[in-house]
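Undergrad: A predicted structure for the sequence below; I have some questions about it.
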Amino acid sequence: MRIERRLFELRADHKLTTAELAEKVGVSEDVVKSWEEGTSMPGAEDWVRIARVYDMSVDKVIYGDEKAPEYDESKAVYSHKVPKKSHKDIYGWIAFLIMPVLILLQYIVMGVAWGLWLEGLILVASIPVYFVVYFLLRLISKNVDKAFEK
């Protein structure tokens with residue numbers, strides 16, 4: 001059963017109006033209505049106050065007679081853990097910043113060695129070099145991410 005439906009049924013079973021429940025819980029009537037409509041959820045303290053109003057445990061308020069789901073550590077969210085930063089972003093920026101240097105080197109080598117000083121040709125020739133460098137760095141970053149996972 002959905003939580004908003006459970007909250008509505010509990011209130012109806014205890015013959016309380018939204019105003020009465022709101023007063024007992026210490027919130028506004030609009031807040032209770034939003035809980036029952038499913039547009040917002042009670043906070044931790046609100047759950048405790050609701051459970052006190054109905055004289056039952058928080059689990060009983062939320063799940064009723066249904067069995068509460070088993071705790072799964074793999075789905076836990078810890079606020080003290082810093083999200084893992086992907087190295088893909090770093091290598092993408094490295095490839096992006098190396099591009100002007102590659103264009104300059106290519107311009108000098110092709111201009112001096114072969115006399116090809118046309119900027120358009122140099123720029124067109126540098127595009128595949130950019131993608132090769134970028135995808136090589138992406139490949140390296142995947143291996144680095146795999147190494148950090150182990």
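TA: Perfect, I can see it now.
Undergrad: okay, now the domains of this structure?
TA: 3-75, 87-149 (automatic domain parsing).
Undergrad: worst average pLDDT in the ones you listed?
TA: Mean pLDDT values for the domains of the chain show the minimum at domain 87-149, a mean of 73.
Undergrad: Centre of the chain to that domain, how far?
TA: Offset of domain 87-149 from its chain centre (Cα atoms, centre = their mean, to the nearest Å): 31 Å.
Undergrad: Stretch 15-25 too?
TA: The answer for stretch 15-25 is 35 Å, by Cα atoms, centre = their mean.
Undergrad: before we move on, what about stretch 2-18?
TA: The answer for stretch 2-18 is 32 Å, by Cα atoms, centre = their mean.
Undergrad: And the contacts of it?
TA: Under the contact criterion Cβ atoms under 8 Å, 6 or more residues apart in numbering, stretch 2-18 has outside partners 1, 21, 24, 29, 32-33, 35-38, 41-42, 50, 53-54, 61-64. Every residue, glycine included, has its C-beta placed from N, CA and C.
Undergrad: Please, where are all the helices along the protein?
TA: Remark: helices assigned in the chain by DSSP state H are 3-13, 18-25, 29-37, 44-54, 58-63, 87-114, 119-149.
Undergrad: could I get the ones you listed as a markdown table with distance to Asp72 and mean neighbour count?
TA: Output for the helices of the chain, formatted as a markdown table (distance: least, Cβ to Cβ, whole Å; neighbours: other Cβ atoms under 10 Å):
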| stretch | distance to Asp72 | mean neighbour count |
| --- | --- | --- |
| helix 3-13 | 19 | 15 |
| helix 18-25 | 30 | 17 |
| helix 29-37 | 26 | 17 |
| helix 44-54 | 20 | 15 |
| helix 58-63 | 16 | 16 |
| helix 87-114 | 28 | 14 |
| helix 119-149 | 20 | 13 |
